[in-house]
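Enquirer: okay, sequence plus prediction incoming.
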Amino acid sequence: MVISTHILSGERQTEMFQNPQSLVQATNEELFSLETDFVQQIQLAGAQKRFEYFYPRIKALKRLADEQKISEINELNDLAPILFQHTVYKSYPLTFIEKKRFDKLTQWLDRLTTHDLSSILTDKCNSIDSWLEAIENQSEIKIVHSTGTSGKLSFLPRSESEMENFKRAFYLFVEVLTGVNPHTTKIPVFFPSFSDGRQLAQRVLSRFGPILAGSKDEYHTAIPGFLSADFMSLAGRLQAAKAKGELGKLQMLKALSYNKGELIRIKRNRPKYMAAFFDNMIKNYQGRQVFMLGTLTSMIEAALEGEKQGLSQVFASNSAIVTGGGLKGQTVPDDWYERICNFYGVQSIRDGYGMTETTGYMPSCEHNHYHIYPHFIPFIFDIGNGNVLPRSGIQTGRYGFYDLLSESYWGGFLTGDLVTLHWDDQCACGRTGPWLEKKIQRISEANDGDDKISCAGSQEAYDSFIDYLLNLEEE
């Protein structure tokens, strides 16, 4: 693909500079043709505005910025010492859940969002799901949680406008990967997972899947019902405990006995659900063009299950198989990629890079590079000393970013991912801007389970910040 530069009108450039959040309303051609200097000007202006807005409104950010002696953003690297570590949104003690201290959990979250949660009533909450429902019924935010594969759920607060921005970013992502404009072209959508829930994939697709498909009748999920956050929490903790050989020590099995039963029920009924899912594929959609959207692990699971039923080449070759999320440490066959392509009947599958904390995902191009949208400000940190590496050349290290589209929470994060970023050399696909190599590895996996995060600022400042988050008696 060839993309020409300087395609933006002066009016559109001014709009982007004055309101960086308008970036998500641009087209892919516009966003991936912007010159680096112009993008960095937009990003700096946006970072300054977001810091000025968030600093007095998010207690945890104010505490960390004060500890790091950051009072204003004069250059992009000023953000580095105040990026939140990826564990911050799951830094609450598990005893809050096990002992049903959802009042404490609310106080913890209140320090991480612009929304005032101090009046939320949680006295009737007896589960994570009921707590999340209470927050959503009594405030303007929706909670998105992570998959919890590490044994703990992260909770991210998002407003309605943030969800709308996510939809725009998601549509841009889908268009790059498929060549289909979701605003104008409607194609049946298949999602091999639960039909609803607060985990990011369920939250996004339950809202936007039927819109992508053109109607509810053309949107198909494998498992009916709601994916419980309590179920996800238990499943993740069981998996983490099993990996550590500590399964017998889990006291929370008693506290979450209901969800253990739910785990068993879903596992028992899963073959029935998947059989119906595949039956619908074959009877009504075999040979047709479709969207298949979902996490990589769910895609592989669906393909392997379909193979057991003797299915292959299910859809038309121009179908769009869009995935992401990585393998999450799961063991899969070495030839999983070829088997997915053979099962779904396509030449290739396309994926993206992102996480619960990001608004949208970075799309991969035909050269297997992840392209970074301008509303993400990327950083690469030295794994050893935590220093920010130069914003030039080719840099390998810990990935960090600031998301200019965040409104309810501070958009700066220091991830647990080891990446290689190309700042200057333009990808052969023609898109401008920095891009990531396809190989992305968890730092803990590369270091035999160890991931000691060295901060860009002082470790003492960050330790004090974490103590503040957990000392809920302090104000």
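Expert: Sure, I can see it.
Enquirer: wasn't Q395 part of a strand?
Expert: Yes: counting by DSSP: H, G, I helix; E, B strand; the rest coil, Q395 is part of a strand.
Enquirer: how close does F208 get to G214?
Expert: 12 Å (C-beta to C-beta, to the nearest Å). Every residue, glycine included, has its C-beta placed from N, CA and C.
Enquirer: quick one, which of these two is more surrounded?
Expert: F208 (20 against 14; other C-beta atoms under 10 Å).
Enquirer: nearest spatial neighbour of that one, chain-adjacent residues omitted?
Expert: K167 (5.4 Å; C-beta to C-beta, 6 or more residues apart in numbering).
Enquirer: so where does that neighbour fall, helix or strand?
Expert: Take DSSP states H and E as the rule and K167 turns out to sit in helix 160-178.
Enquirer: what is that helix packed up against?
Expert: helix 28-31, helix 200-213, strand 320-324, strand 350-353, strand 362-363 (3 or more C-beta pairs under 8 Å, 6 or more residues apart in numbering; DSSP states H and E).
Enquirer: could you check how far the nearest residue to Y171 once chain neighbours are set aside is from A320?
Expert: Leaving out its chain neighbours, the residue that sits closest to Y171 by C-beta to C-beta, 6+ apart is P182, at 4.6 Å. The gap separating P182 from A320 is 10 Å, by C-beta to C-beta.
Enquirer: now Q85
Expert: For Q85 relative to A320 (C-beta to C-beta), the value is 35 Å.
Enquirer: doesn't G287 make contact with S319?
Expert: No: using C-beta atoms under 8 Å, S319 is not in contact with G287, being 9.7 Å away.
Enquirer: compare those two and say which is more crowded by neighbours.
Expert: Taking other C-beta under 10 Å, S319 and G287 do not tie; S319 has more neighbours (23 against 12).
Enquirer: end-to-end on stretch 189-204?
Expert: 13 Å (C-alpha to C-alpha, to the nearest Å).
Enquirer: before we move on, what about stretch 446-461?
Expert: End-to-end distance (C-alpha to C-alpha), stretch 446-461: 27 Å.
Enquirer: one more: stretch 137-150?
Expert: Termini of stretch 137-150 sit 29 Å apart (C-alpha to C-alpha).
Enquirer: can you mark which positions in that stretch are buried?
Expert: Neighbour-count burial for stretch 137-150, with 16 or more other C-beta atoms under 10 Å as criterion, is recorded at 139, 141-150.
Enquirer: ok, stretch 394-409 next?
Expert: Buried residues in stretch 394-409 (16+ other C-beta under 10 Å): 395, 397-409.
Enquirer: low-confidence regions, the stretch 351-475 of the chain specifically.
Expert: 448-452, 454-458, 473-475 (pLDDT under 70).
Enquirer: one more: the chain?
Expert: Ranges of the chain meeting pLDDT under 70: 1-10, 240-264, 325-330, 448-452, 454-458, 473-475.
Enquirer: if I read this right, A461 contacts I70, doesn't it?
Expert: No: look at A461 against I70 with C-beta under 8 Å: they stay out of range, at 9.8 Å.
Enquirer: quick one: common contacting residues for these two?
Expert: P81 (C-beta atoms under 8 Å, 6 or more residues apart in numbering).
Enquirer: assign a three-state SS to the residue nearest to Y171, would you?
Expert: For P182, the assignment made with three-state DSSP gives coil.
Enquirer: show me the contacts for it.
Expert: 171, 174-175, 211-212.
Enquirer: if we go to 6 Å?
Expert: Neighbour list for P182: 171, 174, 212 [criterion: C-beta atoms under 6 Å, 6 or more residues apart in numbering].
Enquirer: just L293 next, same as before
Expert: By C-beta under 6 Å, 6+ apart, the neighbours of L293 are 191, 322.
Enquirer: secondary structure element holding it?
Expert: Using DSSP H and E, L293 falls in strand 291-295.
Enquirer: continuing past that strand, what's the next helix or strand?
Expert: Taking DSSP H and E as the definition, the helix or strand right after strand 291-295 is helix 296-308.
Enquirer: what separates that next one from the chain centre, distance-wise?
Expert: Its chain's C-alpha centre and that of helix 296-308 lie 22 Å apart, by C-alpha atoms, centre = their mean, to the nearest Å.
Enquirer: so that helix versus strand 320-324, what angle?
Expert: Here the directions of helix 296-308 and strand 320-324 differ by 130 degrees (axes from the mean of the first three to the mean of the last three C-alpha atoms, to 10 degrees).
Enquirer: would you mark the buried spots in helix 296-308?
Expert: 296-303, 305-306.
Enquirer: what's the closest of those to P271?
Expert: Distance to P271, by C-beta to C-beta, is smallest for E305 among the buried residues of helix 296-308, at 8.2 Å.
Enquirer: now that closest one. Nearest residue, chain neighbours left out?
Expert: M274 is the one closest to E305 (C-beta to C-beta, 6+ apart), at 5.0 Å.
Enquirer: same check, this time on R391
Expert: W423 (5.8 Å).
Enquirer: surely the one you found is in contact with G433?
Expert: No: judged on C-beta atoms under 6 Å, W423 makes no contact with G433 at a distance of 9.2 Å.
Enquirer: comparing these two, which shows the higher neighbour count?
Expert: Remark: of W423 and G433, G433 carries more neighbours, 21 against 17, as counted by other C-beta under 10 Å.
Enquirer: now do the SS call for that one.
Expert: Quick answer, by three-state DSSP: G433 is coil.
Enquirer: ok, it to Q40 distance?
Expert: Taking C-beta to C-beta, one finds G433 at 10 Å from Q40.
Enquirer: what is in contact with the two at once?
Expert: By C-beta under 6 Å, 6+ apart, no residue touches both G433 and Q40.
Enquirer: measure stretch 186-203 end to end?
Expert: Stretch 186-203 end-to-end distance (C-alpha to C-alpha) = 20 Å.
Enquirer: on that earlier part again, pretty sure the residue nearest to F208 contacts R207?
Expert: No: K167 is not in contact with R207 according to C-beta under 6 Å; the separation is 7.3 Å.
Enquirer: so which of those two has more stuff around it?
Expert: For K167 versus R207, neighbours defined as other C-beta under 10 Å are more numerous around K167 (19 against 16).
Enquirer: just the helices in the stretch 251-400 of the chain please.
Expert: Along the stretch 251-400 of the chain, counting by DSSP state H, counting those that start in this stretch, helices occupy 252-255, 257-280, 296-308, 336-344.
Enquirer: which one of those lies nearest to R158?
Expert: helix 296-308 (22.2 Å).
Enquirer: rewinding a little: of Q85 and A320, which one has the most company?
Expert: Just comparing Q85 and A320: by other C-beta under 10 Å the higher neighbour count belongs to A320, 21 against 17.
Enquirer: how about that one, nearest residue that isn't a chain neighbour?
Expert: T178 (3.7 Å).
Enquirer: equivalent analysis for S228, please.
Expert: Distance criterion C-beta to C-beta, 6+ apart; nearest residue to S228, sequence neighbours excluded, is D129 at 5.5 Å.
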